[in-house]
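kindly return the folded structure for what I paste below:
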Amino acid sequence: MHVHFIAIGGSVMHQLAIALKRKGYVVTGSDDEIFEPAKSNLEKENILPSKTGWFPEKITKNIDAVILGMHAKEDNPELQKAKESGLKIYSFPEYIYQESKNKTRVAVGGSHGKTSTTAMIMHVLKNAGKDFDYLVGAKLQGFEQSVNITHAPVIICEADEYPASVMEKRPKFHFLFPHIAVITGIAWDHINVFPTFEFYLEQFKIFINKIETNGVLIYNESDEILKKLVDENKRLDIRYEPYRLPTYFIENGKTEVIIEGEKSMPLKVFGNHNLLNLHAAYLVCKELGVGAQVFIKAITDFAGAAKRLEVLAENKEYNIYRDFAHAPSKVKASIEAVKLQFPTRKLIAVLELHTYSSLNENFMKEYRGAMKDADEAVVFYSSHALELKRMPVLPKEKVIQGFAKDNLLVINKREDLEQFLEKEDYSNSNLLLMSSGNYDGMDILNLKLTT
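This next block holds a predicted model:
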């Protein structure tokens, strides 16, 4: 089997390339730029392209499949040659389906919580000794790769709603055809791709209709939008498993949970959104033959996915958390989680606006109330991020108006943000840093914080 990757250097694409190489396939690829860690990872496996750029001569008749990355443009010369040669061209999720036609497919979708829920399922299955393949959008403790394709009977997929490729504009999760599907919740995002909420909602309706006959949909019934969507689009040929917050207790900043009568030790993760994710993960594991006792024992030492309320530093005076939150629902959930876990500590929340949606003036109203539980709230965005996305200036007053948060501080320069953070008093406090970017290059690991 010879597979060629157009844009092999992508964060997930290069992981799939490595997985297929290890499965025994012939793997080739091209890209016009490859950054670390993809470069070193590909080099270690002897599949790093010898030169950067696009080379139509690499596209030959003996290639069995071409996998097209999101980074590739429609006029890519290798893509044009592949089309002319009549080769089979797949987007990433289309190819994942080709590799998993004979497996039990699990797809975890939703506007938030996909990565954490997928990671919990993987952690428990590994601890239970189950054999499975996987696809997840973050680096997880205990897993060398973020993609693994073998001959395992089950595959666990984080299934997002973003377009599959430049050729295939439909959402990735429309191509996985799961036997077990999860929807964690629905909150409008990616407005550059889904210009209206109704259009965004329609993608989840389609996802539900892609579930295999006799499959199961596990869904968060405490999400009113999702519950309404499910109630109005019932299928008679699949099962429905709704879930809510499980029973839990918080003591001395630690959370314990009870699932079907089984009580956990103190968990390493916390917050209502994580407990909802945990319940969804349990229902998936139950479908795959893992009982409550085994699940509870395994989930106790689950440390979370990278940048999902990840602890950067902690001492008797303060904790510092890094979180991937950027969409309004994610920001609100992360702030609520930290405040609920440490109700007597001051919460300093810093959000970077970095995505196309979050930097759009018309989207600001979606953030209304998202930071209300923070004792001190800061919104940061740089002119550099706006320039990269070729977006107009975002006035500070529009941000303040949209968030509707008393005493909201809006900062545009990295130096000013660093100065604010280093002057703050962190006695009996928590600092929550939320971003899908990097604060315009700020070194968050070496901030000089005082108490």
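
tell me where the longest helix sits in the protein.
Using DSSP state H to define each element, the chain has its longest helix at helix 272-287.

what's next to the helix or strand following that one, contact-wise?
Next helix or strand after helix 272-287 toward the C-terminus (DSSP states H and E): helix 292-299. Outside helix 292-299, the residues that touch it by CB atoms under 8 Å, 6 or more residues apart in numbering are 120, 123-124, 127-128, 257, 259-264, 267, 278, 281-282, 285-286. All C-beta spots, glycine's among them, are computed from the backbone N, C-alpha and C.

and the next helix or strand past helix 292-299?
Scanning forward in sequence from helix 292-299, with DSSP H and E defining helices and strands, the next element found is strand 310-314.

using CSV, list the CA coordinates for whichever helix or strand comes after that following strand.
Towards the C-terminus, the helix or strand next in line after strand 310-314, according to DSSP H and E, is strand 318-323. Extracted C-alpha coordinates of strand 318-323, given in CSV (Å, rounded to 0.1, in the frame of the first residue of the first chain):
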residue,chain,number,x,y,z
TYR,A,318,-1.7,30.4,44.1
ASN,A,319,-2.2,28.0,41.2
ILE,A,320,-1.6,28.9,37.5
TYR,A,321,-3.7,27.2,34.9
ARG,A,322,-3.3,27.1,31.1
ASP,A,323,-6.4,26.4,29.1
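
got the angle between strand 318-323 and strand 310-314?
Angular relation of strand 318-323 and strand 310-314 on a 0 to 180 degree scale: 160 degrees, by axes from the mean of the first three to the mean of the last three CA atoms, to 10 degrees.

and strand 318-323, what does it pack onto?
strand 310-314, helix 328-341, strand 429-434 (3 or more CB pairs under 8 Å, 6 or more residues apart in numbering; DSSP states H and E).

right, so the ones you listed: which one is the most enclosed?
Neighbour counts averaged per stretch over the helices and strands packed on strand 318-323 are highest for strand 429-434, at a mean of 23; criterion: mean count of other CB atoms under 10 Å.

ok, back up a step: tell me which entries of the contacts of helix 292-299 lie within helices.
Checking those against DSSP H, those in helices are M120, H123, V124, N127, L278, A281, Y282, C285, K286.

from those, pick the one nearest E43.
Sorting the ones in helices among the contacts of helix 292-299 by distance to E43 puts H123 at the head of the list, at 29.3 Å, by CB to CB.

count the residues that sit near the spatially closest residue to the closest one that is not a sequence neighbour.
Ranked by CB to CB, 6 or more residues apart in numbering and with sequence neighbours excluded, the top spatial neighbour of H123 is F302, at 4.8 Å. Neighbourhood size, F302 [other CB atoms under 10 Å]: 23.

OK, contacts around F302?
Residues near F302 by CB under 8 Å, 6+ apart: A119, M120, H123, V124, L267, K268, V269.

and V124, how far from L445?
When distances are taken as CB to CB, to the nearest Å, V124 and L445 turn out to be 30 Å apart.

now do the domain split for this protein, please.
2-87, 95-299, 310-446 (automatic domain parsing).

need the ones you listed in CSV with mean pLDDT, can you?
Supplementary listing: the domains of the chain in CSV, determined by pLDDT from 0 to 100:
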stretch, mean pLDDT
domain 2-87, 95
domain 95-299, 94
domain 310-446, 92
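
for this protein, what spans make up the helices?
Taking DSSP H as the criterion, the chain carries its helices at 13-23, 38-44, 77-84, 92-99, 114-127, 197-209, 224-232, 272-287, 292-299, 328-341, 383-388, 396-403, 414-423.

so which of the ones you listed gets nearest D375?
Between D375 and these, the tightest spacing by CB to CB is seen for helix 328-341, at 8.5 Å.

now the helices and strands packed on strand 318-323 in JSON lines, please, with extra columns for distance to E387.
Listed next are those as JSON lines, based on distance: least, CB to CB, whole Å:
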{"stretch": "strand 310-314", "distance to E387": "28"}
{"stretch": "helix 328-341", "distance to E387": "24"}
{"stretch": "strand 429-434", "distance to E387": "22"}
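
of all those, which one is nearest E202?
Distances from E202 to each of the helices and strands packed on strand 318-323 were compared using CB to CB; the shortest belongs to helix 328-341, at 18.5 Å.

now the angle between strand 318-323 and the closest one, please.
Computed by the same axes, to 10 degrees, the angle separating helix 328-341 from strand 318-323 equals 160 degrees.

what lies in contact with helix 328-341?
Contacts with helix 328-341, where a contact means CB under 8 Å, 6+ apart, come from 111-112, 185, 187, 250, 253, 255, 270-274, 309, 321, 323-325, 347, 349, 351, 366-367, 369-371, 373-374, 430, 432, 434.

hey, C-alpha coordinates of it in PDB?
In PDB, the C-alpha atoms belonging to helix 328-341 read as follows (Å, rounded to 0.1, in the frame of the first residue of the first chain):
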ATOM      1  CA  PRO A 328     -17.500  31.900  24.700                       C
ATOM      2  CA  SER A 329     -19.000  28.600  26.100                       C
ATOM      3  CA  LYS A 330     -15.500  27.300  26.800                       C
ATOM      4  CA  VAL A 331     -14.300  30.500  28.500                       C
ATOM      5  CA  LYS A 332     -17.400  30.500  30.700                       C
ATOM      6  CA  ALA A 333     -17.000  26.800  31.600                       C
ATOM      7  CA  SER A 334     -13.300  27.200  32.500                       C
ATOM      8  CA  ILE A 335     -13.800  30.200  34.600                       C
ATOM      9  CA  GLU A 336     -16.800  28.600  36.400                       C
ATOM     10  CA  ALA A 337     -14.700  25.400  37.000                       C
ATOM     11  CA  VAL A 338     -11.800  27.200  38.800                       C
ATOM     12  CA  LYS A 339     -14.100  29.500  40.800                       C
ATOM     13  CA  LEU A 340     -16.200  26.500  42.000                       C
ATOM     14  CA  GLN A 341     -13.200  24.500  42.900                       C
END
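
going forward, begin numbering at 282 instead of 1
From this message on, residue numbering opens at 282, which makes the last subject helix 609-622.

angle of it against helix 677-684?
Relative orientation of helix 609-622 and helix 677-684, computed by the same axes, to 10 degrees: 70 degrees.

distance of the residue nearest to V511 when sequence neighbours are not counted from V347?
Residue nearest to V511 in three dimensions, not counting chain neighbours: Y500, with 5.7 Å by CB to CB, 6+ apart. Distance of Y500 to V347, computed by CB to CB: 35 Å.

thanks again, I'm all set now.
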